[in-house]
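Q: output the structure for:
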Amino acid sequence: MQTILITGGAGFIGSNFITYFIENNKEIHVVNLDLLTYAGNLEHLKELDNHPRYTFFEGDICKRDLVENLFKEYNFSGVIHFAAESHVDNSIKNPDAFVKTNVFGTFTLLDVAKNYWMNAPFEYKEGYENARFHHISTDEVYGTLGDTGLFTEETSYAPNSPYSASKASSDFMVRSYFHTYGMNVVTTNCSNNYGPKQHDEKLIPTIIRKAISGENIPIYGDGKNIRDWLYVLDHCKGIELVFYNGKLGETYNIGGKNERNNLYIANKICEILDQIHPKETSYKEQISFVTDRPGHDFRYAIDATKLENELGWKADENFESGILKTVEWYLKKYQN
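A: Below you'll find the model as predicted:
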């Protein structure tokens, strides 16, 4: 049985991925290394308590001794690296944590994996020829778009926040280990994810939480900022495809082709709540506008053609089907 290291597996995307991946891959044991910072929550993995093919370690990817010991103990044949500080607002207030985890943490994982799997540059040890490092990244590394155009894998990097700058740096570190050492790496850059198990402070959970508690629903600026929304399970399926079938050293963009602005999202969620959890007045009356985030990127949108054409991926959910599932999940969570 192969053992895979998944970092950051108690976070939003990581926890969704682990439950999907373990169910879908009966011959794989998953070791989850997560520091359980603000976004990590073991409740997200409750269904895997006592699972024979799942092991959890609380720990920091920046601690080389810890990572080396895990490699020695479990003999990993792959790494899927989710662990990252990821909240843009927090990166504006506290950028040093983002540089430490996202840049130095990624370097530590890469370097330990390289030394464990390889004898020398471009020479893998016997039995590790297919060992792969999959780095999970974001479309925010590309900067911002105007009214038209899409991010492709060829788009130049132009990060605008400390968060996206730290992720861009980690992407380049991964790239360098492919070009310098011949390491088997792949990178995926995704658009905005949504769905169950997301941190309460993120946009969609915040809208739902504030709506049902009768508070103002805060929308940055004029609400016209556009994101390309990807249902988290569709993202998980894309990651699995790239991990197994992606070409060595390549980057794949994963996006949902669901561009929606923030005001549309708030209105859509309110409409769903008006139907399935009605009150005397519409939830839309709670929408309020707040001062915009510094340096707020106007629009992100991803072209996932490469992933669709080369590996046969497609998103199963559109925004309207995915957001209904999401609202229903959070309604249960916040009412319990």
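
Q: contacts only, for Tyr300.
A: By Cβ atoms under 8 Å, 6 or more residues apart in numbering, the residues touching Tyr300 are Asp139, Glu140, Tyr142, Thr144, Leu145, Phe151, Ser191, Asn192, Ile226, Arg227, Asp228. The way it works is simple: take the backbone N, C-alpha and C, and place the C-beta from them, glycine included.

Q: and it, how far from Ala158?
A: Distance, Tyr300 to Ala158, by Cβ to Cβ, to the nearest Å: 12 Å.

Q: contacts only, for Asn130.
A: By Cβ under 8 Å, 6+ apart, the contact set of Asn130 is Ser77, Asn184.

Q: what's the following helix or strand after the helix or strand harbouring Arg209?
A: In this assignment (DSSP states H and E), Arg209 forms part of helix 203-212. As assigned by DSSP H and E, the chain's next helix or strand after helix 203-212 is strand 217-220.

Q: tell me the mean pLDDT over that following strand?
A: When pLDDT is averaged over strand 217-220, the result is 94.

Q: cool, stretch 232-251 as well?
A: Stretch 232-251 comes out with an average pLDDT of 98.

Q: and for stretch 309-317?
A: 97.

Q: okay, now the unreliable bits of this protein?
A: The chain contains residues with pLDDT under 70 at 87-88, 91.

Q: longest helix in it, by number of residues?
A: Looking across the chain with DSSP state H, the single longest helix is helix 162-181.

Q: what residues sit buried inside the helix or strand just after that one?
A: Sequence order places strand 185-190 as the next helix or strand after helix 162-181, per DSSP H and E. Neighbour-count burial for strand 185-190, with 16 or more other Cβ atoms under 10 Å as criterion, is recorded at Val185, Val186, Thr187, Thr188, Asn189, Cys190.

Q: biggest separation within the residues you listed, which pair?
A: Val185 and Cys190 (16.7 Å; Cβ to Cβ).

Q: doesn't Gly246 make contact with Asn184?
A: No: applying Cβ atoms under 8 Å as the test, Asn184 and Gly246 come out as separate, 10.0 Å apart.

Q: using the three-state scheme, assign the residue lying farthest from the centre of the chain.
A: The outermost residue of the chain relative to its centre, with distances by Cα atoms, centre = their mean, is Glu280 at 37.4 Å. Following DSSP: H, G, I helix; E, B strand; the rest coil, we place Glu280 in the coil state.

Q: ok so, going back, now distance to Leu45 too, for the buried residues of strand 185-190, in CSV please.
A: Conversion of those to CSV gives the following (distance: Cβ to Cβ, whole Å):
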residue, distance to Leu45
Val185, 26
Val186, 24
Thr187, 25
Thr188, 22
Asn189, 25
Cys190, 21
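
Q: so which of the residues you listed would you say is closest to Trp313?
A: For those, the nearest to Trp313 is Thr188 (10.4 Å; Cβ to Cβ).

Q: next up, the contacts around that closest one.
A: His134, His135, Ile136, Ser137, Gly238, Ile239, Val242, Gly246, Thr251, Tyr252, Asn253, Ile254.
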